[in-house]
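Novice: the following block contains a protein sequence and its predicted model.
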Amino acid sequence: MKKTLITMALALCGAATFAQSNNSFGLKGGLNYNGNGDYFDSAEQAYENPGRNVGYHLGIYGKIGESFYLRPELVYTSISSDYDDDTFKMSKLDLPVLLGAKLIGPVHVFAGPAFQYILDTDYRGVTINDVENDFTVGVNLGAGLDFGKLGVDLRYERGFSENEATFVNTNITELNGDRIDTRPDQLILSLSLAL
């Protein structure tokens, strides 16, 4: 499954690079804010502790089209989520395939599916089972601004596939057999540079 995801991403990005002249290819990166449970409670806790639930992403993208466009991306994402003063970390490869439209001036909107392959999970001091499914599907919705070769966008990502990790072999009795939902529920702020 991992090879299929990578092959698909490279093919999509390659098509964007070698297609018509109004298409582009570039680099992107930024910060992710991951919500746990009630999104607004998580945001309030993040305001009190700014490093809480913050992760990052780095990747490449291709863009096919001008007024209406297709934008495939291949992104490495590191997510951090705090549970009872401990941190659950997850790294994954994301492949959003976005359809977008320019609105007015530099403003554009986009939406599309996001295919995710989970690379690793870690909960400090606790052994966890692997997540149920390494490959999951979600959705990205967002808006952005383009200033020549530079771009900035803000998007919301939510996983569709139910996916959980189970704590095992822990000395903390309250955690034995407990599960946490590993579906992404995050705000993503990205900067991009067209090459």
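Specialist: Thanks, I have it. Numbering: from 1, shown residues only.
Novice: count of neighbours near D146?
Specialist: Residues lying near D146 (other C-beta atoms under 10 Å) number 18. Placement of C-beta: from N, CA and C, glycine included.
Novice: identify the bridge partners of it.
Specialist: Taking DSSP bridges as the rule, D146 bridges to G151.
Novice: ditto for I118
Specialist: According to DSSP bridges, beta-bridge pairing links I118 with K92.
Novice: begin at 37 from here
Specialist: In the new numbering, first residue 37, that becomes I154.
Novice: quick check: it touching T172?
Specialist: Yes. Counting by C-beta atoms under 8 Å, I154 does reach T172; the two are 7.2 Å apart.
Novice: show me what contacts the closest residue to L186 other than its chain neighbours?
Specialist: Of all residues not flanking L186 in the chain, L229 sits nearest, at 6.2 Å (C-beta to C-beta, 6 or more residues apart in numbering). Neighbouring residues of L229 by C-beta atoms under 8 Å, 6 or more residues apart in numbering: G62, L63, K64, K185, L186, G187.
Novice: cool, and K64?
Specialist: K64 makes contact with H93, L94, G95, I96, Y97, E109, V111, S226, L227, S228, L229, according to C-beta under 8 Å, 6+ apart.
Novice: at 7 Å what do you get?
Specialist: G95, Y97, E109, S226, L227, S228 (C-beta atoms under 7 Å, 6 or more residues apart in numbering).
Novice: so the last one sits against G184, correct?
Specialist: No. Taking C-beta atoms under 7 Å as the contact criterion, S228 and G184 are not neighbours in contact, 11.4 Å apart.
Novice: between these two, which has more neighbouring residues?
Specialist: Neighbour count, other C-beta under 10 Å: between S228 and G184, S228 has more, with 23 against 8.
Novice: list the buried residues for the helix or strand the more buried one falls within?
Specialist: For S228, the host element (DSSP states H and E) is strand 221-230. Judged by neighbour count using 16 or more other C-beta atoms under 10 Å, the buried positions of strand 221-230 are D221, Q222, L223, I224, S226, S228, A230.
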